[in-house]
Structures are given as C-alpha cells and as structure tokens.
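1. need a structure here:
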Amino acid sequence: MTDALRLGVIGVGDVAQRDYLPEIGRLEPEAVVVAVAGAGEHRVREVAERLGVDAHVGYASLLGAHDVDAVLNLTPAQLHEEVNAAAIGAGKHIYSEKPLAMTADAARALGERAAERDLVLAAAPSVLLYPQIRIAQEQLGLGKIGDPIAAFGAVFGGVPPWEGYASDPTPYFAHGVGPLVDIGVYPLHALTGLLGPVRRVGAMVLRTRDSFEVIDGPARGESVPVEEVDLSVLTLELTSRVIATVQSSFASVPSSAPELELLGEVGAIACSLLDPTAPVRVSDGAEWRELAVPAERADGPDHILGVRHFVRAIKGDEPLILTAHHAAHVLDVIEAARQSVEEGRFVDVPPWLITIGAADG
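-> This is a model prediction of the structure:
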C-alpha cells in the first residue's frame, strides 16, 4: 500500500484536541485525516471545518463511509470497547486510546475478532515507541545495568481542578477509570515491555475527595464526582524476578523523581515518560551520564508515534508492537490490583509473554 491511508477520527473532545489533532499533520504523506465524528454536532462541525474534512454526528455514520480506511478511537474510556467492536464489525483497522476495553477479557476478545478479520488493532499508550524507551531498551540489551533487580514507575497527574481542558473531565474520575487506568498504564506498559510480564501484584489505594468543581472550559462551574480511587500504589513481581513499584495519582502535586527507573546489579537507567526532551540518565554505579533523546514533540507524551506505527503496520512496513494482548495483560494487572485491595493479599496475574517488537498472537 503506497497511497496515503485515509483516517477517520471518532471523538473530538479533550484528548483529540490536545494530544492528537494539533500534530496529526506529521503523518503526511503516509496518512491523512478525511473525517471526524462525535456526539455533539456543534463541536464536530467546528473541528471538521478547521481541518477541512467531513463531519459525522455519531460514529456509525463514519464507520459506514467508504472513503475511510482506518479509525482512531479517541472517545471517553467507557465507550472504547463499543466503538472498537463496531469498527471491527465495519471492517476498519483501528487505533484505540487506552484502555482498549474496560476488562482484560473484553480486550482479548477484540484482539481475536480483529485477527479473524485480518484487521490491525493497535492499542495505546504508545510508550514503547518513545525514543527514550528505545534508548533504555538498547542500554538494557548492552548490559549497562547488569541483571535488572528492581524498578520504579510513577505518574502524578496533579491535583484537580485542572486548567486547559477542552471538554468535561468527568470520565477521568468515573468508576473504572481514575489515575491507574488513565496514566498508570504508561509505566505499566513500559515495565512489562522492557522487563517482561507480571506474575503477581499487591496494591494499596486511596480516595482523597468526593468531588471537585471545574474551573474552565465548557464544563466550568460543574461539580465532578470522584467515583474512583485517586491514588494507587502497586507492588509487582515480574516473571523475570524483578520487583517493581508503580504509583499513579490525581491526588498530589507531581514528583521530581523520574517516571521510570530500572535498577540492576551494576547500574541504573532513569527516564521521563512525560517529557520527551528529557535525557535518559544511565549510571554505572559510580556516576550518572546523560543520553540525548531525539524528540519530535516539545511537551507531553508523543501520541502521534503510535498512530504512525499503526499506519505502517497496516501497510506491512512494521510489525505491530502496540498489541491488544499487551493491553489485555496490563488490564489483567489492574484487575488483579483491584482484587488485591479487596482481599488484602497478593493476587496472581494470568501469564503472557511480552517483548518489544513481538507480533500480536
């Protein structure tokens, strides 16, 4: 396939307008957006006019369009499974924002349905494609830290109310989402991609508030219920015998520590998951040195890397890395963490072999 892949974007809320659409032109000439869809007619038409593409009110109309080859699912988390299933049913390749579905079993089922129809189903986050993670993988392969022993991952989203949101933030705090599903998946995907699957997990959580008031954007002045825990701390035992800790929070100010740190017998690797320009730091046990990161984006996670990879996987130019089965494994970890909280014990996680570059299967 040499022509530009024609993309349809479903969901034109905050994620689309902040993280994807401003930089979607970076996909050219490999792919181009030809249509957008959403539930609100005014916003959909405004975004479509700005991009010079077709507008669809509701995703069913876009999925029926013959000039759309593949779909980006940027809807709220609670709609991901429904939209992904509909896209597969319509014969469209699909790139889904996280989570792929609300349960691990549903995510696996989506992967199996896509494979049966010979469709590419790519699952965010695209963290394994970040240049800093590629550098960390290279350093691990060179034996710079020796055998990995321990790891730390943490993402702190700050304390709400947040400024600069283009839509209602309620879905981020709804039951089943919260910081673990929204941002905790970044270190979880990175750790399992770099060091292997999780064998068992123990967790502690906290919910610090019942609600908060939105201070700007279209939902300004509205009260958002905090239904989900807003701090999660997970202790993971990996099949590689590495012991890892992962924290995610909407309850505190951000930490100054790196979002990811890998510790070995002779060295350590530290890198940011949120700042694409921050250097990767590598220690030999005596001193730290910095490795420059070739970033394409100046601020925030680079989601376009995932979409570009998705496009190339469809064209047969790259093996799919952002697989449904990896996403399902991370959801297995999250479900085990919730069970751990309920039962006050470590919970085993179903096994899955994950390595960077592995084909889905």
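
2. Going by C-alpha atoms from here, please, whenever you check contacts or count neighbours.
-> OK.

3. quick one, helices of the stretch 251-361 of the chain?
-> Secondary structure of the stretch 251-361 of the chain by DSSP state H, counting those that start in this stretch: the helices cover 304-314, 324-343.

4. so can I have a markdown table of those showing distance to Q139, mean pLDDT and mean neighbour count?
-> Written out in a markdown table, the entries for the helices of the stretch 251-361 of the chain read as follows (distance: least, CA to CA, whole Å; pLDDT from 0 to 100; neighbours: other CA atoms under 10 Å):
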| stretch | distance to Q139 | mean pLDDT | mean neighbour count |
| --- | --- | --- | --- |
| helix 304-314 | 21 | 98 | 22 |
| helix 324-343 | 22 | 98 | 22 |
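
5. And those helices: which comes nearest L128?
-> helix 304-314 (8.9 Å; CA to CA).

6. Give me the helices and strands touching the closest one, please.
-> strand 93-96 (3 or more CA pairs under 8 Å, 6 or more residues apart in numbering; DSSP states H and E).

7. Residues contacting the strand it packs on, please?
-> Among residues not part of strand 93-96, those counted as contacts by CA atoms under 8 Å, 6 or more residues apart in numbering are 69-74, 80, 84, 87-88, 119-124, 307, 310, 314.

8. buried ones in it?
-> 93-96 (16 or more other CA atoms under 10 Å).

9. Kindly report the same for stretch 148-167.
-> Within stretch 148-167, the residues scored as buried using 16+ other CA under 10 Å are 148-157, 160, 165-167.

10. What is the end-to-end distance of it?
-> 42 Å (CA to CA, to the nearest Å).

11. what distance separates that stretch from the centre of its chain?
-> Stretch 148-167 has its average C-alpha position 12 Å from the chain's average C-alpha position, going by CA atoms, centre = their mean, to the nearest Å.

12. if you average pLDDT over that stretch, what comes out?
-> Summarised as a single mean, pLDDT over stretch 148-167 is 88.

13. same thing with stretch 37-46?
-> The average of the pLDDT scores along stretch 37-46 is 95.

14. what's in contact with it?
-> Contacts made with stretch 37-46 from outside it, assessed by CA under 8 Å, 6+ apart, are listed as 8-12, 36, 55-59, 62.

15. what do you get if the cut-off is 7 Å, keeping everything else the same?
-> With CA atoms under 7 Å, 6 or more residues apart in numbering as the test, stretch 37-46 has contacts from 9-12, 36, 55-59, 62.

16. so which of those would you say is closest to I334?
-> Distances from the contacts of stretch 37-46 to I334 were compared by CA to CA; the smallest belongs to G11, at 25.0 Å.

17. Q137 versus the closest one, what's the distance?
-> Using CA to CA, one obtains 33 Å as the distance from G11 to Q137.

18. between these two, who's got more neighbours?
-> Legend: neighbour count by other CA atoms under 10 Å for G11 and Q137, higher for G11 (23 against 19).

19. contacting residues for the more buried one?
-> With the criterion set at CA under 7 Å, 6+ apart, G11 makes contact with 37-38, 73-75.

20. If we use 8 Å, what do you get?
-> Applying CA under 8 Å, 6+ apart, we find G11 in contact with 36-39, 73-76.

21. Name the SS class of the residue positioned nearest the centre of the chain, please.
-> The central residue of the chain, meaning the one whose C-alpha is nearest the mean C-alpha position (CA atoms, centre = their mean), is P125 at 2.2 Å. Using DSSP: H, G, I helix; E, B strand; the rest coil as the criterion, the local structure at P125 reads coil.
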